[in-house]
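Student: Pasting a predicted model and its sequence here:
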Protein chains: 2
Amino acid sequence: MKYVHRIWIFTIVLFLSGGWISDMEMIAQNPDKKYVMVIHGGAGTMKKENMSPEQEKEYKNMLRKALSTGYDILKKGEPAADAVVATINILEDSPLFNAGKGAVFTHDGKNELDASIMDGKTLQAGAVAGVTNIKNPINAARAVMDHSRHVMLTGRGAEIFAAEQGCDTVPPSYFHTQSRWESLQRILEQEKKNDMNDLYRTPDPFQNEISSPDEKYGTVGAVAMDAAGNIVAGTSTGGLTNKRFGRVGDSPIIGAGTYANNETAGISCTGTGEYFMRSLAAYRVSVLMELENLTIQEAADQVISEIGVLGGDGGLIALDQEGRIAFSFNTSGMYRGTVDEDGHIEVMIFAGE
Amino acid sequence: MKYVHRIWIFTIVLFLSGGWISDMEMIAQNPDKKYVMVIHGGAGTMKKENMSPEQEKEYKNMLRKALSTGYDILKKGEPAADAVVATINILEDSPLFNAGKGAVFTHDGKNELDASIMDGKTLQAGAVAGVTNIKNPINAARAVMDHSRHVMLTGRGAEIFAAEQGCDTVPPSYFHTQSRWESLQRILEQEKKNDMNDLYRTPDPFQNEISSPDEKYGTVGAVAMDAAGNIVAGTSTGGLTNKRFGRVGDSPIIGAGTYANNETAGISCTGTGEYFMRSLAAYRVSVLMELENLTIQEAADQVISEIGVLGGDGGLIALDQEGRIAFSFNTSGMYRGTVDEDGHIEVMIFAGE
């Protein structure tokens, strides 16, 4: 088909031009290892020269803590969903990432959180969007998956359901962190100098944001495989700083930000959500493995390449039933890490690490 | 891959067992015709013996009116998006279908509407979910696609954005239709007799609904191709009678209820939304054409077959750049119709028509 050819031509052009693919090769996983979990804490413009050794250590320690929490659950033979939720809870409870406690602010100065989870064995899935008082949105997504006949609940209704299901609720002020608040204020200042509506309509959702190592992307995600070989993927986010009008990105959309299928892989994405939604990024990784017999890394790279062609940026993580993992991102960094079946943890931030 | 084999085995079993595939063959499109638009008004349990000739005529007339409206726009050389929106507006403004005016009621006695649209040339997309005062949600979805940098807006925020963009607003009482209200009351009565929470948790979202020819599914959708060969798909719905907790189904999810790509096809789905979400139904039709070289009808049939295997039911429509269309559904009927490049309109309701 014409479409496939076009994508291949773009891929070859990108490959020849250097760019991210050479980075990808450098961070390819060790083929002798069997991984049981892979996580991310968002992809973005972070650069080593802009991050202090202390900051770097803080991020890496939190990624390690998250992986270690998930590993302990998997080692006990407990379900992958338990490991994914507990791991994401660590990241949600940290102010470092744009999820849970550290969620960014909307244009109106609120925090509206999204999350989703999918079980690769049953293809059951759950998601919540736009919740404002649920401490750990991934727990609410799991409650939707396990205790409702629905896939996606939104807004106040999702909050009521989550509370009924025993998810911890918090006053919305719980999500106030000073650095996120200041990020919003800087963007609002910048908007004042321009025509906000014009900025709002620009095709690049990030054009009017101020770069900083940690404010652009900080969505978190995890994919785990349990002793029974079942794969579960989950994603949690505060969305986009300065988002308006009840905007929902890819994180709570099954197939866009999150997908899992035991027959292919579990996938969690992070980046310019709109491009991941239009590309069905997470599902496309699975489909390229299913129908094109691509390896997990080839599938991940092709999807990120295609998103780059559309104009989007970000990254994704993936894990298959053989314990192979893939990272792929076209940004300068992605908070990420793995744990193998022996409990050996690796964490990375920048491309090429 | 194992997964592919499994699907093929199921498909062969379904084929040998008769069932819907024989119906599919009977309604296959005329290969000599070049179609420019295909629409649906929902798939469901409607049976010819339960529908009066007057009712049948009423539905068919409205489908004809919708197709004729879209055709006139396409014939003038105007964009496919204009035709899709105008066609869906006819169906939204009719109380016959579960979209716009005829939207079903939520558990709380409200009407929460969803819609989405995607442009097959640009892969731009727009969607709104849970809007309560927008007369034509498909117009709001188009405004998101054309005039924002986002793909999905939800709830009150989506309403404010749509109103700012000039979409007609109505008091929520506009969506009150007596037959839909009575449907809700019957379901609430039935729930009182049972344990509502148990029913809510059943895997089949439709288990506790009372069957009637027109209340189960009435989502509307349209796919059009304009003179420039661009394909646009759109879907609009009132969701599920008695839905709770801000439930969102497949209709506003790009890739689940709606997808369009000039290189493959435009697709709009209707049915048990949760299964279409977990299957990425609309996108999967496109992917099977792109990667497996299936014909549009083969791709449509395979996706509906797979959804049947998961336990879901419903149907979909599709149109490709060659003017080929496909219907596929595993229910006893789907309100549907086509118009070809000469303006010849065909409308159908039951399987085998």
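Tutor: Arrived safely. The model shown is predicted, which means the values in this text are computed figures rather than measured ones.
Student: which residues pair with A:Tyr35 across the strands?
Tutor: On the basis of DSSP bridges, A:Tyr35 is bridged to A:Asp340.
Student: how far away is it from B:Ser94?
Tutor: Noted for A:Tyr35: a distance of 54 Å to B:Ser94, by C-beta to C-beta, to the nearest Å. For every residue, glycine as well, the C-beta is placed using N, CA and C.
Student: how many neighbours does the residue in the stretch 251-353 of chain A that chain B sits nearest to have?
Tutor: The stretch 251-353 of chain A approaches chain B most closely through A:Glu263 (3.6 Å), counting by C-beta to the nearest C-beta. Around A:Glu263 there are 20 other residues, counting by other C-beta atoms under 10 Å in any protein chain shown.
Student: shouldn't it be in contact with A:Val287?
Tutor: No: using C-beta atoms under 8 Å, A:Glu263 is not in contact with A:Val287; the gap is 11.1 Å.
Student: Quick check: which element contains the closest residue in space to A:Gly333 that isn't next to it in sequence?
Tutor: In this structure, A:Gly333 finds its nearest non-sequential neighbour in A:Met46, 4.1 Å apart by C-beta to C-beta, 6 or more residues apart in numbering or on different chains. Using DSSP states H and E, A:Met46 sits within no helix or strand.
Student: mind checking how far A:Met46 is from chain B?
Tutor: Remark: distance between A:Met46 and chain B (C-beta to the nearest C-beta, to the nearest Å) = 23 Å.
Student: can you check A:Leu123 too?
Tutor: Look at A:Leu123 and chain B: by C-beta to the nearest C-beta, they are 5 Å apart.
Student: Hmm, A:Ala83 and A:Pro37 touching each other?
Tutor: In this structure residue A:37 is Met, not Pro. Yes: using C-beta under 8 Å, A:Met37 is in contact with A:Ala83, at 6.5 Å.
Student: Would you agree A:Gly308 is in contact with A:Ser328?
Tutor: No: shown here, A:Gly308 and A:Ser328 do not form a contact pair, counting by C-beta under 8 Å, at 10.3 Å.
Student: higher neighbour count, the two?
Tutor: A:Ser328 (29 against 19).
Student: The more buried one in helix, strand or coil?
Tutor: Assigned by DSSP: H, G, I helix; E, B strand; the rest coil, the conformation of A:Ser328 is strand.
Student: Where does pLDDT dip in chain A?
Tutor: For chain A, the stretches with pLDDT under 70 are A:1-30, A:194-217.
Student: still on that earlier bit, dihedrals phi and psi, the residue of the stretch 251-353 of chain A closest to chain B?
Tutor: Main-chain torsions, A:Glu263, degrees, to the nearest 10: phi -70, psi -20.
Student: again, but for the one 4 residues further on
Tutor: Main-chain torsions, A:Ile267, degrees, to the nearest 10: phi -140, psi 140.
Student: Tell me how many other residues crowd it.
Tutor: With other C-beta under 10 Å as criterion, A:Ile267 counts 36.
Student: What's the local residue count around the closest residue in space to it that isn't next to it in sequence?
Tutor: Closest residue in space to A:Ile267, ignoring its immediate chain neighbours: A:Ala282 at 4.1 Å, by C-beta to C-beta, 6+ apart. A:Ala282: 32 surrounding residues under other C-beta under 10 Å.
Student: A:Ala282 is in contact with A:Ala233, isn't it?
Tutor: Yes: between A:Ala282 and A:Ala233 a contact is recorded at 7.5 Å, counting by C-beta under 8 Å.
Student: any residues in contact with both of those two?
Tutor: Common contacts of A:Ala282 and A:Ala233 (C-beta atoms under 8 Å, 6 or more residues apart in numbering or on different chains): A:258-259, A:267-268.
Student: what's around the closest residue to A:Glu341 other than its chain neighbours, how many residues?
Tutor: Excluding its sequence neighbours, the residue lying closest to A:Glu341 (C-beta to C-beta, 6+ apart) is A:Lys34, at 4.7 Å. By the measure other C-beta under 10 Å, the count of residues near A:Lys34 is 14.
Student: For A:Glu54, see how far away A:Lys34 is.
Tutor: For A:Lys34, the distance to A:Glu54 - C-beta to C-beta - is 34 Å.
Student: How about A:Ala99?
Tutor: From A:Ala99 across to A:Glu54, the span is 22 Å (C-beta to C-beta).
Student: repeat for A:Ala233
Tutor: 32 Å.
Student: Likewise for A:Leu310?
Tutor: For A:Leu310, the distance to A:Glu54 - C-beta to C-beta - is 37 Å.
Student: Please apply the same query to A:Val144.
Tutor: Taken as C-beta to C-beta, the span from A:Val144 to A:Glu54 is 38 Å.
Student: Chain B contacts on the stretch 201-350 of chain A?
Tutor: Within reach of chain B by C-beta under 8 Å from any C-beta of the partner chain, the stretch 201-350 of chain A has these residues: A:201-205, A:244-249, A:253-256, A:261, A:263-264, A:273-274, A:277-280, A:283-284, A:287-293, A:310.
Student: go with 7 Å
Tutor: A:201-205, A:244-248, A:253-256, A:263-264, A:274, A:277-278, A:280, A:283, A:287, A:290-292, A:310 (C-beta under 7 Å from any C-beta of the partner chain).
Student: Any chance of a PyMOL selection covering the buried ones in those?
Tutor: Selecting only the buried entries of these in PyMOL, with 16 or more other C-beta atoms under 10 Å in any protein chain shown as the criterion:
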select buried, chain A and resi 205+244+245+246+247+248+253+254+255+256+263+264+274+277+278+280+283+287+290+291+292+310
